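Engineer: need coordinates for the following:
(one chain, ligands or ions: 2)
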Amino acid sequence: MDFLARKGLRLTAQRQAIIETAFSTHQHFTAEQLLAWSRRRDKSVSRATVYRTLPLLTESGLVREMDFGKDYKFYDPNYAEHPHHNHIICQDCEQIIEFESKKIEQLEREISQRLGFSVNSHRLQLTARCDEYRRLGTCQRKDS
Ligand SMILES: [Zn+2]
Ligand SMILES: [Zn+2]
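Structural biologist: Numbers count the residues shown, from 1 in each chain. Ligands and ions are numbered 1, 2, ... in the order given. Coordinates of the predicted model:
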């Protein structure tokens, strides 16, 4: 809200519904998911407003855009609170799990020090097959 005010943008009812929705979940979402969830809060939320509001959220630094090589992006509402977490995504059902690893952080420090750098940020995304996909060749939760 402060960020919008600093940019001189009005907090419309639609925008407020979208922002509240984005920060009331710990799940990672696509623009279409955010639209569907926001409409549960406020039926008047339009697709155009969702697509215009998402860049503001990422620009504010509170939400991080994630590209898993699909033709749409995912958005992470947990980034500001947990900037060190990593993601693994199922290539079929697209469930995203977060994980943190002291070992990976240590490895990053070792490598960057050896090369004369210091790490500011990192991004680790694993594309994988979830257990169900490995066992059955398809994910049932895909359509949920
Ligand atoms: Zn995340
Ligand atoms: Zn899966």
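
Engineer: remind me which residues of the chain are low pLDDT?
Structural biologist: 143-144 (pLDDT under 70).

Engineer: just the strands from it, written as ranges.
Structural biologist: Using DSSP state E, the strands found in the chain span residues 64-66, 74-76, 86-90, 96-99, 125-128.

Engineer: pull the residues that contact the third one.
Structural biologist: Identification of contacts with strand 86-90 by Cβ atoms under 8 Å, 6 or more residues apart in numbering yields 28, 66, 68, 74, 76, 95-101, 104, 124-130, 133, 139. The way it works is simple: take the backbone N, C-alpha and C, and place the C-beta from them, glycine included.

Engineer: specify the beta-bridge partners of D76.
Structural biologist: R64 (DSSP bridges).

Engineer: now do the contacts for it.
Structural biologist: Here D76 is in contact with H28, V63, R64, E65, M66, H87 (Cβ under 8 Å, 6+ apart).

Engineer: give me the number of residues near the third one?
Structural biologist: R64 has 18 neighbouring residues, counting by other Cβ atoms under 10 Å.

Engineer: from what I can see it touches K73, true?
Structural biologist: No: counting by Cβ atoms under 8 Å, R64 does not reach K73; the two are 10.0 Å apart.
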